[in-house]
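J.: sequence and predicted structure, then a few things I'm wondering about:
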Amino acid sequence: MVSFTKDKDLRLFIINTLATRMTRAEALTYLKDKGYNISIAQYDRIKTAIRDSRHSRLNEIALNGFIDAHLEAIDTFIEIKRQMWINYHSEQNPYKKVEILTQIANLQPYINEYYASSQELMADKTKELKNSKDIVE
């Protein structure tokens, strides 16, 4: 089971054997081609550990996926706002300048909402860390 926790590549290759419904023989051949010459018993142990941990893995994927998407959205809004300001400063038509300012103002609530939810997320994580420390002590 040491390989399950220490070698992420092996774990991902074994997940691939499960996802593609390989037989044991096919899986061992596939793993050998990837540089992992393991026994059937070792394969079965790692496979069982992967299956047993699927709920925690799913939670981890969901949390990290959410955080990545959240940060990407913030970065996108900030870049849009930056580009709008560039366009504003290069625009000569006063009407179009007002239109760009209006769009910048319309974008701000979205950015504020993402920042507010970021603060909530960080507060929840801080509380979770504090609670886990209290349990250990």
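T.: Sure, I can see it.

J.: where does this protein have low pLDDT?
T.: The chain contains residues with pLDDT under 70 at 1-6, 63, 125, 128-129, 132-137.

J.: mind listing the helices for it?
T.: Ranges of helices in the chain, per DSSP state H, are 2-6, 8-19, 24-33, 40-52, 54-90, 94-136.

J.: let me have the ones you listed in JSON lines, extended by mean neighbour count.
T.: For every residue, glycine as well, the C-beta is placed using N, CA and C. What follows is the helices of the chain, written out as JSON lines (neighbours: other CB atoms under 10 Å):
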{"stretch": "helix 2-6", "mean neighbour count": "13"}
{"stretch": "helix 8-19", "mean neighbour count": "15"}
{"stretch": "helix 24-33", "mean neighbour count": "14"}
{"stretch": "helix 40-52", "mean neighbour count": "15"}
{"stretch": "helix 54-90", "mean neighbour count": "12"}
{"stretch": "helix 94-136", "mean neighbour count": "11"}
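
J.: list phi and psi for N93.
T.: phi -80, psi 120 (degrees, to the nearest 10).

J.: quick check: end-to-end length of stretch 31-46?
T.: Here the two ends of stretch 31-46 are set 13 Å apart, with distance taken as CA to CA, to the nearest Å.

J.: can you list the domains in this structure?
T.: Using automatic domain parsing, the domains assigned to the chain come out as 2-52, 55-136.

J.: quick check: closest non-adjacent residue to I14.
T.: I46 (5.4 Å; CB to CB, 6 or more residues apart in numbering).

J.: and the one you found, how far from I15?
T.: When CB to CB, to the nearest Å is applied, the distance between I46 and I15 equals 10 Å.

J.: picking that back up, and the residue nearest to I14, how close does it get to N37?
T.: Relative to N37, I46 is positioned 14 Å away (criterion: CB to CB).
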